[in-house]
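Participant: can't give you the sequence, but here's the structure:
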């Protein structure tokens, strides 16, 4: 992640602000406010604003007049209760805004979460930075053979090298030709004084999907947790998980009580189907239960056993 | 609007907070933060939290690293441009949260704006306050004869008195019977020690629609303006307009540049249809144009002339 | 549920339509299309339109050119997989539209589900029907003593009678005064030729919350299931559950494969927290585990045991 | 646009369906149902399902038991009224589903409309088609000098040729290397039996943004019109306008009355600010009005004059 001198200065200027407010503030989050936390090779996550804290959830759940909290223990109990019973609206009462730099193919996954506000850097209007994502060798995984949507083993020496050479070469070449078509370099200098540049909204189509873009992304706490549950999960593609993991840290700083309930009930929790419940009940009672009697498919059976660490029962 | 001693104290406690933050703050809005601004006879509007200011719009429109502002004049120009060309996403980057007390029949109109977060006081869980909306005599209007959805002239002396007597009598009686069914009074005292109260979720059905409820309502700046454009309009029912007008004041304090653009382009502006444009063009050129030639309906013609104050041309 | 002759005729006219279409159709649902299925004492549910069937889910999950189906068994497997892994977008590809008549206090709960389209009968514009919800005696429950948001035992003889008398009396009186204020009866006749009626938008505030209203409500399959999961649940208020149960029947007719997966994974399924998983694992392995060691609250422990029918372990 | 034999057959199979339904059907739209209407060089628009017609808007606006229509003339009047006064919910009662093939950089613009349901072809799961968008020479425009977000003059001979050569060369090369990394060709054949392919979710990052993707896209009539108003506008990028124009045709076939009102009030209409209204009023009255007195910026003044074809008044 490279920031220009001007960008570093702008961030510093924001961080040295000392404003007085009657709003609730969160000390732990204020400490990292505006900071560009690196993700992947050129990306970052910056928390640029927030509204509310754990007590705001309690306040609105009680539609109370005041801060709505007397003892922390009571608040924690209420937040856990709300999380356990899938109450949604109180968690919508907190809001957070991020500035994110990320590769375009990850931005395309991310944007599928519709319940957020987004302002993306416009490549119709401006020239994109000359930065592309190149995976670390230990993330260059082969296609999974069992899961059409996943990764298998990491590629070995020469195979990995070849991939990186291709990715790097193509990204650099297409970017170079992007500049040629624009008749303008990434730093604003003109390529050929006697030539006319192609419209930016057209030239951008020549860039590869690992080119970095950036956006402001704002969402409420409920939808942030929905995002993180899916994207910090081991089924998620590594590259988006890298962002989600960094955001989990900011969640912990922001709303520590909610974070704990979220980890217990959502991230670490699991769901059991009606048929799965019967299987577990029989196992608890020491009764015999086989795949055939369970009504589960083999795949479901194994998912259930894996989820409960019953490795000796996996078929 | 009556607040209990405890409520007044809680509000004071919030208002005496002095927290330090690196976030942008808005002095004018901080001044009224948490204050219960009276609306109608028992209702209020309280701003209880906010995020961002005018500069946040500019910041996200530019996907800037810093505050996104160089000169106030440039910022104002950009905000006006964004408003004029219906750019929506930058205005979604600011957020505000209100605590509102309002009659149920108004809450039912209000809730039709779906793009907001709401936590309402639960009458399944708690007993509603003994407060009902009774219109001021000058708002007791007859049914409009020309507009099935509007008000006509104000009722005169006895007619008005009769209406108020009926409204007051019925609200008080149904509330009294609500207490009887609950076997509990609004102040928490028991009615009959030997009796059992009906479930709150059932008893509430006996209340009239002018009973007050309250909620936390949080929305972004774009959707707040969409709400205000419709509800501060003269077509809106007076009772919801009273809330919208109060909220317009808070909008002005919060984001003064956006407020001005909003008043010019949305509230004070108008729309002209393709056919209407031709009519206006002809009028400007001094050409003759009649209702028949215009392709407009009589109603459309008159709406157009009214909108441009061409009263001599209204048919 | 009373329908006027004209309404009955209109429904019949719709039901005798025989249109030809290239769209997918669902025979079982067509059989009940437009029918007013009674709910509560005066309410109903009518399916008035729909789009897609089980195969549409498969079609869009595969972004297929054709019907997206090879064998029913494969389709069922895919739908179950999608449901199990919380894939959401394919289920959004089917849409259904209901016409619902329901008491206002239930409409207020219902409308909290924001991801639906709604057109409600306007009491600013028209006069509401003279119909109010009066519970059956076996639904007149006392306030629960253990759950502030629930019902306890059914009220006995005299207590029940008294409640019904109050509800009926107040609803009839407030409606009568509504007519008086409007200077118009529910059937359109004028009350007093020499008097002027209060605006409808004002007079409606005198009605009680058990008055019936009606609306068109349209949603996609995903959000319908979200609605049903919450509202057909035993925690939901009986009156809204009555509607949800009727809608569950229409779901079964419409998309039988999805319905089955929904019942298995959502309605009949349960969630287990990270801590709860460890408890179940220990129970399966025959190890000792006590409330104290579990890290669960007593309430959580009991919820877990209840969920798995381990009644001997409830504390 | 190339379709495989199998795809052509699948489309034919759908088109030969003849199902009977009690739902409303639209003959004109049925005629083109499922048809792949070409857009750009390899893209298409297919209407694959729909729900409702013009009468459904009227039906729900009236919360009617029947078809909600008495005479076509009355219906048209109501629809025009609803459009003119920005009533939104009745237009949400119709739904349409498209299957779209489009270049990725256009998909990225399109997806910013959040109020729609989308299922995109997954390049984590499958290999993307070997198809990239190459503009027609007459669409190869230079960057606009006056509008940073627009196009200027069309590039001349050699400049155009050079651009096309670069675009074609880079797209083909990056796709070839995509196949190499995958160790699999677009037709499913293996490249090197002794090698292992990179995970699809990674390899896709090497593709350029003019690669075609496809999705199912479903939205209601209101949001479709919001989309078309922005994307069929002359400010929109040509490539997305090509899709919007094709969709406008399907809108006309589907809901002809709504289409006409939409063209009059939205597409052909304009907005006038509070200050702009005063300018037009003065012009109509033959009074003098100058830029200075108007309070408009020069840019606003010219936009207003252009909008009303008052070319002699443009400064």
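Facilitator: Ah, there it is. Source: prediction; values computed, not measured. Residues are numbered from 1 along each chain as shown, chains lettered A, B, ... in the order given.

Participant: every contact and neighbour count from this point should use C-alpha atoms.
Facilitator: Noted.

Participant: domains of chain A?
Facilitator: A:5-127+A:210-267, A:137-206, A:274-313 (automatic domain parsing).

Participant: of all those domains, which one is nearest residue B:193?
Facilitator: Among the domains of chain A, domain A:5-127+A:210-267 comes nearest to residue B:193, with 28.3 Å by CA to CA.

Participant: hmm, back to that, between the domains of chain A, which one is nearest to residue B:251?
Facilitator: domain A:5-127+A:210-267 (17.3 Å).

Participant: what is the end-to-end distance of that closest one?
Facilitator: This stretch, domain A:5-127+A:210-267, spans 39 Å end to end (CA to CA, to the nearest Å).

Participant: got it, and stretch A:35-45?
Facilitator: One end of stretch A:35-45 sits 8 Å from the other (CA to CA).

Participant: spatially central residue for chain A, please.
Facilitator: residue A:244 (3.0 Å; CA atoms, centre = their mean).

Participant: can you pull the contacts of the residue nearest to residue A:231 when sequence neighbours are not counted?
Facilitator: Closest residue to residue A:231 apart from its sequence neighbours, by CA to CA, 6 or more residues apart in numbering or on different chains: residue A:241 at 5.4 Å. Residues in contact with residue A:241 (CA atoms under 8 Å, 6 or more residues apart in numbering or on different chains) are A:231, A:232, A:233, A:234.

Participant: name the SS class of the residue nearest to the centre of chain A, please.
Facilitator: Put simply, residue A:244 is helix when judged by DSSP: H, G, I helix; E, B strand; the rest coil.

Participant: gap between it and residue A:34?
Facilitator: 17 Å.

Participant: same check, this time on residue A:137
Facilitator: For residue A:137, the distance to residue A:34 equals 30 Å [CA to CA].

Participant: among the two, which residue is more densely surrounded?
Facilitator: Each of residue A:137 and residue A:34 has its neighbours counted (other CA atoms under 10 Å in any protein chain shown); residue A:34 has more, 25 against 15.

Participant: okay, and the more buried one sits in which element?
Facilitator: With secondary structure defined by DSSP states H and E, residue A:34 is part of neither a helix nor a strand.

Participant: pLDDT below threshold where in the stretch 101-250 of chain A?
Facilitator: Across the stretch 101-250 of chain A, nothing is flagged by pLDDT under 70.

Participant: tell me the secondary structure for the residue of chain A positioned farthest from its centre?
Facilitator: Relative to the centre of chain A, the most outlying C-alpha is that of residue A:194, 45.1 Å out, by CA atoms, centre = their mean. Secondary structure, three-state DSSP: residue A:194 is coil.

Participant: please apply the same query to residue A:153.
Facilitator: strand.

Participant: wouldn't it be in contact with residue A:142 here?
Facilitator: Yes: Residue A:153 is in contact with residue A:142 according to CA atoms under 8 Å; the separation is 5.6 Å.

Participant: any idea how far residue D:153 is from the residue of the stretch 151-300 of chain A found nearest chain D?
Facilitator: The nearest approach of the stretch 151-300 of chain A to chain D comes at residue A:199, 3.5 Å away (CA to the nearest CA). Distance of residue A:199 to residue D:153, computed by CA to CA: 10 Å.

Participant: which one's more surrounded, these two?
Facilitator: Using other CA under 10 Å, the more surrounded residue of residue A:199 and residue D:153 is residue A:199, with 27 against 16.

Participant: ok, and the closest non-adjacent residue to that one?
Facilitator: Leaving out its chain neighbours, the residue that sits closest to residue A:199 by CA to CA, 6+ apart is residue D:143, at 3.5 Å.

Participant: can you check residue A:207 too?
Facilitator: What sits nearest to residue A:207 in space, not counting adjacent residues and going by CA to CA, 6+ apart, is residue D:208, at 5.2 Å.

Participant: how long is stretch A:22-38 end to end?
Facilitator: Using CA to CA, the end-to-end distance of stretch A:22-38 comes to 32 Å.

Participant: avg pLDDT for that stretch?
Facilitator: Averaging pLDDT along stretch A:22-38 yields 98.

Participant: pull out the buried members of the contacts of residue A:241.
Facilitator: Among the contacts of residue A:241, those buried by neighbour count (16 or more other CA atoms under 10 Å in any protein chain shown) are A:231, A:232, A:233.

Participant: I'm done for today, thanks for sticking with me.
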